[in-house]
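# Sequence and predicted structure are below.
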Amino acid sequence: MSEVDRETAPAGLTIALNRGRILKECLPLLDAAGIRPAEPIDGSRKLVFETECGRHRLVVMRGSDVPTYVEFGAADVGIVGKDTLLEHGMSGFYERLDLGIGRCRLMTAAPVGADLGHGPLRVATKFVDVARRYYEQQGRQVTIIPLSGAMEIAPLMDLADCIVDIVDTGNTLKANGLEALETIADISTRLIVNRASMKTRFDAVQSFIDAVRSALP
Ligand code: PRP
């Protein structure tokens with residue numbers, strides 16, 4: 001849709017949602033804000049859902065794609081974890097609201113009792129840029145080993161000395177003989193807005209933000 005079409009289009013919003021855990025937690029919040037999918041999202045293979053009010057559209061996608069859809073204007077707003085935003089880079093959209101759900105921490109972790117010394121470290125993570133920046137600030141020389149999931153295995157297989165990953169209950173670390181070390185960032189779910197939509201669809205965006213804000217516990 002061109003920028004002109006977007007300005008004349010009805011004020012419905014395209015809302016990008018981070019599938020998985022965040023989706024499960026944010027659906028009751030959206031429901032309380034009056035935004036309900038016209039058919040059940042949970043368990044569906046569909047990715048695009050009309051809403052009961054008929055104005056907004058919900059699009060379910062991998063978390064790391066949410067900031068991209070919002071940045072390029074394919075979605076007006078997005079709901080996604082702060083960890084994903086930090087890794088994507090915080091430019092190209094506005095972060096407007098902390099939903100206070102999906103709370104966890106982005107941490108370093110290593111095998112229980114491991115001596116990581118002061119020399120070069122091999123760090124396995126899917127948060128490649130966050131980890132690189134973090135260790136740069138620490139003045140620590142590292143080799144980042146990019147993985148797409150199950151980072152906890154990497155130290156067990158001697159692929160890495162430590163990992164950078166999300167820690168919630170700590171059960172996954174514990175089950176794999178690892179312990180949390182330093183906190184890199186406190187994480188929660190955030191609402192982000194496309195920069196152009198914030199101007200051209202201000203009323204719709206602002207009333208969506210207000211509705212979600214008033215639904216927060
Ligand atoms: C995340 C993270 C850890 C786990 C931490 O993975 O990568 O593996 O949750 O949670 P805990 O501290 O409560 O055990 P997730 O299940 O989201 O899957 P992912 O590996 O696809 O990110």
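Happy to help now that I have it.
# you'd agree residue 148 is up against residue 126?
Yes. Residue 148 is in contact with residue 126 according to Cβ atoms under 8 Å; the separation is 5.6 Å. Quick note: C-beta positions are derived from backbone N, CA and C, even for glycine.
# These two - which one has more neighbours?
Taking neighbours as other Cβ atoms under 10 Å, residue 148 and residue 126 compare with residue 126 leading, 19 against 7.
# what residues does the protein put near the ligand?
By the rule Cβ under 6 Å from any ligand atom, the part of the chain lying against the ligand is 21, 149-150, 165-172.
# okay, the residues you listed in CSV with distance to residue 181 next?
Listed next are these as CSV, based on distance: Cβ to Cβ, whole Å:
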residue, distance to residue 181
21, 23
149, 20
150, 19
165, 11
166, 14
167, 10
168, 16
169, 17
170, 12
171, 17
172, 15
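# and these, which are buried?
Buried subset of the residues of the chain next to the ligand (neighbour count, 16 or more other Cβ atoms under 10 Å): 21, 165-167, 172.
# how does this protein divide into domains?
The chain breaks down into these domains under automatic domain parsing: 14-102+188-215, 105-185.
# Please identify the most buried of those domains.
Burial of the domains of the chain is given as mean neighbour count (mean count of other Cβ atoms under 10 Å); domain 14-102+188-215 ranks first at a mean of 18.
# where's that domain relative to the chain centroid, distance-wise?
Domain 14-102+188-215 has its C-alpha centroid displaced from the chain centroid by 10 Å (Cα atoms, centre = their mean, to the nearest Å).
# Tell me the span between the first and last residue of that domain.
One end of domain 14-102+188-215 sits 19 Å from the other (Cα to Cα, to the nearest Å).
# sorry, back to before: show me the buried ones among the residues of the chain next to the ligand that map onto helices.
Those of these mapping onto helices are 21, 172, per DSSP state H.
# Just give me the closest of the buried ones among the residues of the chain next to the ligand to the ligand.
The closest of those to the ligand turns out to be residue 172 (Cβ to the nearest ligand atom; 3.2 Å).
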